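Asker: build me a model from this:
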Amino acid sequence: MVSLSLNRFTSIFLITKHKTIWIKYFPFILTFLLIYPFIVGGFTFFTYSTCRIDIYAPECLNYFKADYYRSAISNGICAILSLIIGISTATFYKLKFTNEAKAQTRQLKIEHKLLLQSVWSASLFGFFAFLGVFYPYFYEKKDDPEFFVMNRIYGFVQDLAYISYHYLSIILLFVFS
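Answerer: Below you'll find the predicted structure:
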């Protein structure tokens, strides 16, 4: 998500160097994107190896909570960074380019639409990460009859956030490009 926002930033403000930057640094960016999940959660392969296999086992509840909190915090930080970069880029885009300049370049129009898509995706991702913080709490109360309705509502909202982030972002990417 952060790399998408940085890509949109460079496509608008470093138009002439955008392609060169992303071709030159793409292997490093891709390597980091593939390694990042292991940096954040790799220690669990050694300390909670049995809980990785059966996460819902009663003895793994503390691992389960910690894993969701860690994921929610990591995803939340990425979403916040993406939003900061995206909103900053959109704000400076409005200030930097006049309406005449925007109208003259078709490429800038496309980049602006893709920037809006990345900000929208970061917002949905942030909402999904925020909901992830509460998942362990609701999971613990899943069999409690007093929380039945709240669990159903939370489950529906979380599923809606998941679908919105994963599918709507892709659809918007194709619509805007």
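
Asker: how about the most centrally placed residue in the chain, nearest residue that isn't a chain neighbour?
Answerer: Nearest residue to the geometric centre of the chain (C-alpha atoms, centre = their mean): F125, 4.0 Å. In this structure, F125 finds its nearest non-sequential neighbour in A79, 4.5 Å apart by C-beta to C-beta, 6 or more residues apart in numbering. The way it works is simple: take the backbone N, C-alpha and C, and place the C-beta from them, glycine included.

Asker: now the strand or helix carrying F28 - C-alpha only, CSV.
Answerer: Using DSSP states H and E, F28 sits within helix 18-41. Taking C-alpha atoms only, helix 18-41 is exported to CSV below (Å, rounded to 0.1, in the frame of the first residue of the first chain):
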residue,chain,number,x,y,z
HIS,A,18,9.2,8.2,-12.6
LYS,A,19,9.8,5.3,-14.9
THR,A,20,13.6,5.4,-14.3
ILE,A,21,13.1,5.4,-10.5
TRP,A,22,10.7,2.5,-10.5
ILE,A,23,12.7,0.4,-13.0
LYS,A,24,16.0,1.0,-11.1
TYR,A,25,14.6,0.3,-7.6
PHE,A,26,11.9,-2.3,-8.4
PRO,A,27,14.0,-5.3,-7.4
PHE,A,28,14.7,-3.7,-4.0
ILE,A,29,11.1,-2.7,-3.5
LEU,A,30,9.8,-6.1,-4.5
THR,A,31,12.4,-7.8,-2.2
PHE,A,32,11.3,-5.6,0.7
LEU,A,33,7.6,-6.2,0.0
LEU,A,34,8.2,-10.0,0.1
ILE,A,35,10.4,-9.9,3.2
TYR,A,36,8.3,-7.4,5.3
PRO,A,37,5.8,-10.0,6.5
PHE,A,38,8.6,-12.2,7.8
ILE,A,39,10.2,-9.2,9.5
VAL,A,40,7.0,-8.4,11.3
GLY,A,41,5.8,-11.9,12.2
